[in-house]
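> Quick one, structure for this:
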Amino acid sequence: MKVEQIYTGCLAQGAYYIESDGEAAIIDPLRETKPYLDKAAANGVKIKYIFETHFHADFVSGHLDLAKKSDAKIIYGPKAETKYKKHLAKDGEVFKIGKISITVLHTPGHTPESTTYLLKNAKKKPYAIFTGDTLFIGDVGRPDLAQKNGKLTKEKLAGWLFDSLRKKIMPLPDDVLVYPAHGAGSACGKNMSSETWDTLGNQKKTNYALRANMTKKEFIEEVTDGLLPPPVYFQKNAALNKLGYESIDTVMKRGGKSLTPRAFETAANETNAIILDVRSKEEFAKGFIPNSIFIGLDGSFAPWVGALIPDLMQPILIVAPKGKNKEAVKRLARVGYDNAIGYLKGGFDSWKKEKREIDKIETINVKKFVKEYSKKLNIVDVRKPTEFITGQVEKALNLPLGDISGNMSEISKKKKYYVHCRSGYRSTIATSILKARGYDKLINIQGKFDDISASKIPTSDFVCPSS
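Next comes the predicted model:
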């Protein structure tokens, strides 16, 4: 028996490869199918099943393309109605993979169809559970993503989740391994651990949601407390996973079109495409194509694309570092942005060589900001409110990056603003968006907020939220 976790850090997502005696199963695959097909081919095994724990909201699963290319059967748990062919498993149904088996445990709560898969080894001993978004390491799945018209509330879903955990998961042996779909950084939970797996016994001791003496009322209150609004693309991704989507091969071919600077500019004008610059924040600061939006591949790329570009079918033109064009298209497709229409051949250097128009945003480091600081400066902090209240520059205005487009009216195009975040990544995104909307008096601070806090600039340790 072989069990491998395939973890993708930028999405904080875990897919799983399970193999036994010439057969394999994949759980919650990402959009690109090649890694799974290559692994099976290298090991000389056939992919028999593709198990989906639920309709994922934070990424587009690769189940459809993988099923077509491997002839594997797609398995969902109860209540997972789709527009494509799949096997709708019953609670308790057993699937054989070589000498091992996977048992379906319907565990609704995160969503109505959420299912946990129990792996038993060749001796029929429980070995691991693949919990999807039902149980994370240190947390449980948020119960507010599948609410419908007031009939299915987050409180009702949380109640289901309590029962699922107590009746289906917690009775299992303590040495069973817990393999969730996500880790720290995912918006599918509130406070996930950076660890990506654990034993069930340890989770019973350390996970707040698995406290032995916890009442259902306490569970519902704690699980639903402090939930931030879900990213806007979540509902659209869930719909794609449920209804179907375009082949990843078609998406990659369309987005992989190489465009000269002239053709790139023509495409931008004719299609009203977003010019998405995915280079590093340092490279972007040195110059960029006018009206470009920066979201660097070296940060939380896919989640920020999903949060800041509301239309999944928005045409996108890519400016990428050398050799990273295909990666950018692939990572856009992971979260349902399938309409990349090409990339700038030769990257930004080719644009400069033709002496085309270049724009810049004044960018400084923390040391220079400290030197220029006075209490008269207008300072914008684009971190999350939860970060802001734990410490901020006095009189700074908090405009969280995720809400920047809806809150631009709070700042004036006539005033000069210094913009910062925790490291400079989010502030570079924010200033690029503001610059594209006509805000020209911006100074982007690249550097650590910890260094700002440690300087002579006055900061507040805590601000009580207004009632």
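> Please parse this protein into its domains.
With domains defined by automatic domain parsing, the chain comprises 2-236, 246-353, 362-460.
> Just the endpoints, please. Distance across the shortest one?
Looking at domain 362-460, the gap from its leading to its trailing residue is 26 Å under the measure Cα to Cα, to the nearest Å.
> Which residues does the host helix or strand of residue 451 contact?
Secondary structure assignment for residue 451, by DSSP states H and E: helix 449-453. Helix 449-453 is contacted from outside by 366, 369-370, 383, 391, 393, 420-423, 445, 459, using Cβ atoms under 8 Å, 6 or more residues apart in numbering. Placement of C-beta: from N, CA and C, glycine included.
> mind listing what's buried in it?
449, 452 (16 or more other Cβ atoms under 10 Å).
> Next: stretch 88-105.
Across stretch 88-105, burial judged by 16+ other Cβ under 10 Å covers 89, 93, 95, 97-98, 100-105.
> Next one: residue 332 relative to residue 248, how far apart?
11 Å (Cβ to Cβ, to the nearest Å).
> These two: which has the busier surroundings?
residue 332 (27 against 24; other Cβ atoms under 10 Å).
> leaving aside the residues next to it on the chain, what's closest to the more buried one?
Take residue 332 and drop its neighbours on the chain: the residue closest to it by Cβ to Cβ, 6 or more residues apart in numbering is residue 340, 5.5 Å away.
> and the helix or strand of the chain with the lowest mean pLDDT, what other elements does it pack with?
Every helix and strand of the chain was ranked by mean pLDDT, DSSP states H and E. The lowest is strand 459-460, at a mean of 84. Under the contact criterion of 3 or more Cβ pairs under 8 Å, 6 or more residues apart in numbering; DSSP states H and E, strand 459-460 touches strand 392-393.
> swap the cut-off to 6 Å and go again
Using 3 or more Cβ pairs under 6 Å, 6 or more residues apart in numbering; DSSP states H and E as the contact test, no helix or strand touches strand 459-460.
> and for that strand, what are the contacting residues?
Here strand 459-460 makes contact (Cβ atoms under 6 Å, 6 or more residues apart in numbering) with 391-394, 453.
> can you do 8 Å?
In this structure, residues lying in contact with strand 459-460 by Cβ under 8 Å, 6+ apart are 391-394, 452-453.
> Same list (the buried residues of stretch 88-105) but as CSV, adding secondary structure.
Shown next, in CSV, are the buried residues of stretch 88-105 (DSSP: H, G, I helix; E, B strand; the rest coil):
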residue, secondary structure
89, coil
93, coil
95, strand
97, strand
98, coil
100, strand
101, strand
102, strand
103, strand
104, strand
105, strand
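> can you name the two of the residues you listed that are farthest apart?
Largest separation among the buried residues of stretch 88-105 by Cβ to Cβ: 98 and 105, giving 20.7 Å.
> any weak-confidence spans in the stretch 1-150 of the chain?
Where the stretch 1-150 of the chain drops to pLDDT under 70, the residues are 148-150.
> sorry, back to before: buried among the contacts of helix 449-453? Need that as a selection in PyMOL.
Listed next is the PyMOL selection for buried residues among those, using 16+ other Cβ under 10 Å:
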select buried, resi 366+369+370+383+391+393+420+421+422+423+445
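> Dump the contacts of helix 449-453 into a markdown table; add distance to residue 439 and secondary structure as well.
Output for those, formatted as a markdown table (distance: Cβ to Cβ, whole Å; DSSP: H, G, I helix; E, B strand; the rest coil):
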| residue | distance to residue 439 | secondary structure |
| --- | --- | --- |
| 366 | 22 | helix |
| 369 | 18 | helix |
| 370 | 24 | helix |
| 383 | 19 | coil |
| 391 | 26 | coil |
| 393 | 20 | strand |
| 420 | 15 | strand |
| 421 | 16 | coil |
| 422 | 21 | coil |
| 423 | 21 | coil |
| 445 | 15 | strand |
| 459 | 25 | strand |
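> quick one: which two of the contacts of helix 449-453 are the most distant?
370 and 383 (18.4 Å).
> any idea how far residue 2 is from residue 22?
Distance, residue 22 to residue 2, by Cβ to Cβ: 12 Å.
> re the thing from before, which ones are touching the residue nearest to residue 332?
251, 254-255, 315-318, 328-329, 332-333.
> Which single one of the residues you listed is nearest to residue 264?
For the contacts of residue 340, the residue nearest residue 264 by Cβ to Cβ is residue 317; the value is 6.2 Å.
> which residues does that closest one contact?
By Cβ under 8 Å, 6+ apart, the contact list for residue 317 reads 259, 264, 267-268, 273-276, 340-344.
> and which of those is nearest residue 404?
Nearest to residue 404 among the contacts of residue 317: residue 274, at 14.9 Å, using Cβ to Cβ.
> and the closest residue to that closest one other than its chain neighbours, what are its bridge partners?
In space, and not counting its chain neighbours, residue 274 is closest to residue 316: 5.2 Å by Cβ to Cβ, 6+ apart. Beta bridges link residue 316 to residue 274, residue 340 when assigned by DSSP bridges.
> what about residue 316, neighbour count?
When neighbours are defined as other Cβ under 10 Å, residue 316 has 24 of them.
> Settle this for me: it is touching residue 336, isn't it.
No - using Cβ atoms under 8 Å as the test, residue 316 is too far from residue 336 to be in contact (12.0 Å).
> quick one: contacts for the residue nearest to residue 394 when sequence neighbours are not counted?
Ranked by Cβ to Cβ, 6+ apart and with sequence neighbours excluded, the top spatial neighbour of residue 394 is residue 458, at 4.6 Å. Residue 458 makes contact with 375, 393-394, according to Cβ under 8 Å, 6+ apart.
> which among these gets closest to residue 74?
residue 393 (51.3 Å).
> Would you agree that closest one is in contact with residue 379?
Yes - if you go by Cβ under 8 Å, residue 393 and residue 379 touch, sitting 5.3 Å apart.
> list residues touching both of these two?
By Cβ under 8 Å, 6+ apart, residue 393 and residue 379 have these common neighbours: residue 420.
> could you show me where the helices are in the stretch 151-300 of the chain, in order?
Ranges of helices in the stretch 151-300 of the chain, per DSSP state H, counting those that start in this stretch, are 154-164, 200-206, 216-224, 234-243, 248-255, 261-271, 281-285.
> And the pLDDT for residue 203?
With respect to pLDDT, residue 203 has a value of 98.
> and if you look at the one 4 residues further on?
What the model reports as pLDDT for residue 207 is 97.
> which non-adjacent residue is nearest it?
residue 138 (5.7 Å).
> where's the one you found relative to residue 208, distance?
8 Å.
> Looking at the two now, which is surrounded by more residues?
Per other Cβ under 10 Å, whichever of residue 138 and residue 208 has more neighbours is residue 138, with 21 against 14.
> List the residues that contact the more buried one.
191-193, 195, 203, 206-208.
> mind redoing it with 7 Å?
Residues counted as contacts of residue 138 (Cβ atoms under 7 Å, 6 or more residues apart in numbering) are 191-193, 206-207.
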